[in-house]
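A.B. asks: Got a sequence here, can you build the structure:
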Amino acid sequence: MSTESAERGETRPRIEVTEAAAERALALLADEGHDDDVAGLRLFVQQGGCAGLSYGMRFDTEPEEDDTIYEHHDLRVFVDPASLKYIEGSVLDYESGLQAEGFHVENPNVVSECGCGESFRT
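C.D. replies: Numbering: from 1, shown residues only. Down below sits the predicted model:
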């Protein structure tokens, strides 16, 4: 298990999380009754969508043994090795507006996205 913390400057983060995304995820974690000290947000890539790959997110009670753990604004983010190669260098943000609300991944590795923005290709 590898841990990287942007706040302590120990290593350069390969996944970043905005303050807005961390605040929203921490609020959702609390609403579901998860332990903030152990639980975190799992960010992963899966096969699917019209462009071939899509992002997935869920809360996990603890990381898996081979996960890389990122800590940003008190939020722990778990990423498995297979997903990391697709999302390295990405920024997880949370957007709230009149037309849409939700988490969004800004991924520098994407070469094309489907028309609805739900899937991508690297």
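
A.B. asks: Regarding this structure, what is its longest helix?
C.D. replies: Using DSSP state H to define each element, the chain has its longest helix at helix 19-31.

A.B. asks: which helices and strands does the next helix or strand after it pack with?
C.D. replies: Next in sequence after helix 19-31, counting helices and strands by DSSP states H and E, comes strand 40-47. Under the contact criterion of 3 or more C-beta pairs under 8 Å, 6 or more residues apart in numbering; DSSP states H and E, strand 40-47 touches helix 19-31, strand 53-60, strand 75-79, helix 81-87. All C-beta spots, glycine's among them, are computed from the backbone N, C-alpha and C.

A.B. asks: who's in contact with the last one?
C.D. replies: When you say that, I think you mean helix 81-87. Helix 81-87 is contacted from outside by 14-15, 43-45, 53, 55, 66-68, 79, 105, 107, 109, 122, using C-beta atoms under 8 Å, 6 or more residues apart in numbering.

A.B. asks: tell me, how many neighbours does the residue nearest to residue 88 when sequence neighbours are not counted end up with?
C.D. replies: Once flanking residues are discounted, residue 88 sits nearest to residue 14: 4.8 Å by C-beta to C-beta, 6 or more residues apart in numbering. By other C-beta atoms under 10 Å, 15 other residues sit near residue 14.

A.B. asks: cool, residue 61 as well?
C.D. replies: Neighbourhood size, residue 61 [other C-beta under 10 Å]: 9.

A.B. asks: Can you tell me which residue sits nearest the middle of the chain?
C.D. replies: Central residue of the chain (C-alpha atoms, centre = their mean): residue 43, 3.9 Å from the mean position.

A.B. asks: got the contact list for that one?
C.D. replies: By C-beta under 8 Å, 6+ apart, the residues touching residue 43 are 15, 55, 56, 57, 77, 78, 79, 83, 87, 92, 105.

A.B. asks: at 10 Å instead, please
C.D. replies: By C-beta atoms under 10 Å, 6 or more residues apart in numbering, residue 43 lies in contact with 15, 17, 55-58, 70, 77-80, 83-84, 87, 90, 92, 103, 105.

A.B. asks: on that earlier part again, from residue 80, how far out is the residue nearest to residue 88?
C.D. replies: 13 Å (C-beta to C-beta, to the nearest Å).
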